[in-house]
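*Asks:* Curious how this folds, go ahead:
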Amino acid sequence: MLVLDSKMFSIDRVFWDSPALILLGSLLLDYLIGDPWGWLHPVQVMGWYITAWSKFTWKYLAHPVARKISGVGLCGTLILGCGLGSWAFFHYWQMRQPVVAKILEVILLASCLAAKSLRQASVDVLGAISDLPAARQRLSKYVGRDTDKLHVAEIYRAILETVAENSVDGVTAPWFYALLGASIPGVGAVPLALAYKAASTLDSMVGYLREPYQDLGWASAKFEDLLTWLPCRLTVVTLAVFSGRPIAIWQVCQRDAVQDPSPNSGWSECVYAAILGVQLGGDNYYQGERRSKPLLGDPGKEIDVGMIDRALNLTQQVVWVWLFPILIWIMRG
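*Replies:* Numbers count the residues shown, from 1 in each chain. Got it, this is the predicted structure:
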C-alpha cells in the first residue's frame, strides 16, 4: 500500500473510505451523463409529494393562517425527510453493502447537480437559433417568460439569465452543502445536498407571491432564500476573484443586485453580467403581462454564444475551486 505521508493518508483510503470518492465521482457523472432523459429523478419524487400536499391543502384548508401552517409542515417534512431519510438510508447500507452504498451516493449526489443539464439546455436552444420559431419553442421548455415574440438578442439574454440564476441554485448551492456535509464526520455529502435540493424544488413549485401559492408557499420561499444566501455570496466572491477585478465587480453587484426583489437571483445574475460586460434584466412578458426587472450590469457588449459558453465554464471553475480545500481537509482528517 502506497503511503504519501505519515500525517496524511493512503491512496486507497482517499478514494474509498473517505467522502472524496463520492465528491469526485458525482462531478464526473454529472459532467459525462447529467440527468438521462426518461429516468426517474429525485426531483420528480419530491414533486409528487409537493403536489399531493398542495392539493390536500387547497381542498380542505381555506383560511390563510391554516394554509401557512400547512406550508410550514410541507417545507419541514420534505426537507427533513430528504436529509434525515437519506442519511439513515446510506448509514444502513454502508453497514451491510458499502459498495452499493457508495454507488448510490455518487448517483444521488450527481442528481443534485445541474451543470450538465444547464449546458444541454443552452445547446438545445442555440442549436436552433437560425430557425427563430424553433428556437422560441425550445426556449419555452426552460423559462417561464413568454417566448413567442422574442428576437435573437432577447433569446440570448434569456439563456444567459437562466444560466446565471440557475448556476447558483442548480449547481454551486447544492455543491456547497455537499462539501459542507462531506467535511462533517458522520454526515456525508448527500444528505445536506438533497435537503437543499428539496428546498429549491419547493421554492420552484410553490414559492410564489400569487394565489393559490401565496400562503402555502410562504415558508418554502423564505427558507430557500435563507439557505441560498451564503452559497450565493460565496459564488459571487469567487467569480469576482476569477475576473481579476474583484472590487469593481463587487461594486457593480452592490449597486444593482440589491434592486432586485429576490435576495439571491439578482446577485447571481449581476455578477455574470458584470464579468461579461453585458446588461441583464429589463422587461419580460409572462402570460401576456409585462414585468420589469432591475437592470443588472452596465450596457456594453451584445450577448453572444461565446459569452453563454464562458458563463457555463465559470460555474464549473467555481465547483472545482471549492472542491480542492475540502479534499485537503478530508485528506488530513
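*Asks:* helix/strand/coil for A199?
*Replies:* Using DSSP: H, G, I helix; E, B strand; the rest coil, the structure places A199 in helix.
*Asks:* secondary structure element for the nearest residue to it once chain neighbours are set aside?
*Replies:* Excluding the flanking residues, the one nearest A199 by Cβ to Cβ, 6 or more residues apart in numbering is E224, at 4.6 Å. No exception for glycine: its C-beta is placed from N, CA and C like everyone else's. Using DSSP states H and E, E224 sits in helix 218-243.
*Asks:* list the buried ones in that helix?
*Replies:* Within helix 218-243, the residues scored as buried using 16 or more other Cβ atoms under 10 Å are 218-225, 227-228, 231-240, 242-243.
*Asks:* before we move on, what about stretch 144-152?
*Replies:* Neighbour counts over stretch 144-152 (16+ other Cβ under 10 Å) mark 145-147, 150 as buried.
*Asks:* Contacts made by that stretch with the rest, please.
*Replies:* Stretch 144-152 is contacted by residues 129, 132, 135-137, 139-140, 155, 158, 284-288 when judged by Cβ atoms under 8 Å, 6 or more residues apart in numbering.
*Asks:* would CSV of these with neighbour count, secondary structure and distance to Q44 be doable?
*Replies:* As requested, the contacts of stretch 144-152 are exported to CSV (neighbours: other Cβ atoms under 10 Å; DSSP: H, G, I helix; E, B strand; the rest coil; distance: Cβ to Cβ, whole Å):
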residue, neighbour count, secondary structure, distance to Q44
I129, 16, coil, 30
L132, 13, helix, 32
A135, 21, helix, 27
R136, 20, helix, 26
Q137, 14, helix, 23
L139, 24, helix, 22
S140, 16, coil, 20
I155, 22, helix, 28
A158, 22, helix, 25
N284, 20, strand, 28
Y285, 14, strand, 29
Y286, 11, strand, 25
Q287, 7, coil, 25
G288, 6, coil, 30
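*Asks:* Kindly reformat the residues you listed as a markdown table and extend each row with distance to P42 and pLDDT.
*Replies:* Below are these laid out as a markdown table (distance: Cβ to Cβ, whole Å; pLDDT from 0 to 100):
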| residue | distance to P42 | pLDDT |
| --- | --- | --- |
| I129 | 32 | 94 |
| L132 | 35 | 95 |
| A135 | 30 | 95 |
| R136 | 30 | 96 |
| Q137 | 28 | 96 |
| L139 | 26 | 96 |
| S140 | 25 | 94 |
| I155 | 30 | 96 |
| A158 | 27 | 96 |
| N284 | 30 | 91 |
| Y285 | 32 | 90 |
| Y286 | 28 | 88 |
| Q287 | 30 | 85 |
| G288 | 34 | 87 |
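*Asks:* which one among those gets closest to I79?
*Replies:* Y286 (27.9 Å; Cβ to Cβ).
*Asks:* Quick check: closest non-adjacent residue to the closest one.
*Replies:* Nearest to Y286 is R145, by Cβ to Cβ, 6+ apart, at 5.8 Å.
*Asks:* tell me the SS of that neighbour?
*Replies:* Relying on three-state DSSP, one would call R145 coil.
*Asks:* follow-up on the earlier one: and which of the buried residues of stretch 144-152 is nearest S204?
*Replies:* Comparing the buried residues of stretch 144-152 against S204 with Cβ to Cβ picks out R145 as the nearest, at 14.9 Å.
*Asks:* roughly how far apart are that closest one and R157?
*Replies:* 10 Å (Cβ to Cβ, to the nearest Å).
*Asks:* which ones are touching Y285?
*Replies:* Residues near Y285 by Cβ under 8 Å, 6+ apart: 145-146, 149, 291.
*Asks:* let's go with 7 Å and repeat that
*Replies:* 145-146 (Cβ atoms under 7 Å, 6 or more residues apart in numbering).
*Asks:* ok, what's across the strand from it?
*Replies:* R290 (DSSP bridges).
*Asks:* Relative to V237, how far out is it?
*Replies:* For Y285, the distance to V237 - Cβ to Cβ - is 34 Å.
*Asks:* go on, D30?
*Replies:* Taken as Cβ to Cβ, the span from D30 to V237 is 23 Å.
*Asks:* between the buried residues of stretch 144-152, which is closest to I330?
*Replies:* R145 (41.9 Å).
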